[in-house]
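K.L.:
Here is my input; please provide its structure:
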Amino acid sequence: MQSLVSTGLPWWKTPAGEFRIWIKLRATRMEGGSGNNYYNLPNVPYVMYFENEDIPGWRGYGLHGTYWHSNFGTPRSHGCVNLPTEIAKELYFWTGPVLPEGKSMVSSDSLNPGTRIVIHD
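P.N.:
Residues are numbered from 1 along each chain as shown. Model (predicted):
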């Protein structure tokens, strides 16, 4: 699988490093920023939040599908990795933690660990 993505704008860089997916959500609202930088995006699909020892999960960095733009290959986000929705869907069901049948979210644990991801500059 290969795809262009959109990462963080220069003033909201996507962190580089080695991470683990710690929670997956089938869809969620993403909201933040202020003033001209405010965003409120309902039903963001196939969300895979990641963390490591330096970047805690509550910071909200993730990989996810994107319906509000198709300008992949250029920085566009507030730090997340924006993916074409079909690519996000494939990754969502391929990565751990494995989503239990009939559930819309799952957190990683020792029996159902998150997939390792590496983000380069």
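
K.L.:
Thr95 versus the closest residue to Arg76 other than its chain neighbours, what's the distance?
P.N.:
Sequence neighbours aside, Ser6 is the residue nearest to Arg76 in space, at 3.9 Å (criterion: Cβ to Cβ, 6 or more residues apart in numbering). The way it works is simple: take the backbone N, C-alpha and C, and place the C-beta from them, glycine included. Distance check for Ser6 against Thr95: by Cβ to Cβ, to the nearest Å, it reads 19 Å.

K.L.:
Bridge partners for Val81, pull those for me.
P.N.:
Residues in a beta bridge with Val81, per DSSP bridges, are Leu63.

K.L.:
phi, psi of Gly57?
P.N.:
Per-residue torsions, Gly57: phi -60, psi -30 (degrees, to the nearest 10).

K.L.:
How about the contacts made by the closest residue in space to it that isn't next to it in sequence?
P.N.:
What sits nearest to Gly57 in space, not counting adjacent residues and going by Cβ to Cβ, 6+ apart, is Glu51, at 4.0 Å. Going by Cβ atoms under 8 Å, 6 or more residues apart in numbering, Glu51 touches Phe19, Arg20, Trp22, Gly57, Arg59, Tyr61.

K.L.:
Quote the end-to-end distance of stretch 2-21.
P.N.:
Separation of the first and last residues of stretch 2-21 by Cα to Cα, to the nearest Å is 19 Å.
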